[in-house]
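Visitor: Just a sequence and a predicted model for now, questions to come.
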Amino acid sequence: MSERRHIEVSAAVIRNANGQVFATQRGYGEWKDWWEFPGGKREPGETPEEALRREIREELDAEIEVVRLLKTIEYDYPAFHLTMHCYECRLGDSHPRLLEHEAARWLAGEELRSVAWLPADKEIIDLLVQESTKTDTSL
């Protein structure tokens, strides 16, 4: 029996001043057209935060500030096991340009479930929806 392949990635949960979250739509591969948080694989010697900054430069031609670790998700896809470090981030002075993704949207709390998220990303969506519900009820 062969051991399942393990992939470790960092993902950016980018929020704007209005609290909306940046979502990107994959334009390639087995999961084409599914929505995800931008980010990618860690290279040897990189911290998860360094990998995230590099990946956002490569995918969106943008600089981000990594604010805090939201959650690390462990998820079993059919072909591999994924460890995904999800960080709350803010954009620097740049505006994201799609270099690898098909589309992108800023989603408010109530819109987060309006797109087809990759299975591993859904756990973060649940967390963000809970947070937005707490914020909304405190008004």
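Guide: Arrived safely, thanks for sending.
Visitor: For this structure, which segments count as helices?
Guide: For the chain, the helices defined by DSSP state H cover 48-60, 122-137.
Visitor: looking at those helices, which is buried most?
Guide: Sort the helices of the chain by mean neighbour count, taking mean count of other C-beta atoms under 10 Å, and helix 48-60 sits at the top with a mean of 19. Yep, even glycine has a C-beta here, placed from its N, CA and C like the rest.
Visitor: on contacts alone, who are the packing partners of it?
Guide: On a contact count with 3 or more C-beta pairs under 8 Å, 6 or more residues apart in numbering; DSSP states H and E, helix 48-60 meets strand 5-14, strand 39-41, strand 64-76, strand 80-91.
Visitor: Columns distance to residue 100 on top of those, output as CSV?
Guide: Shown next, in CSV, are the helices and strands packed on helix 48-60 (distance: least, C-beta to C-beta, whole Å):
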stretch, distance to residue 100
strand 5-14, 13
strand 39-41, 9
strand 64-76, 16
strand 80-91, 17
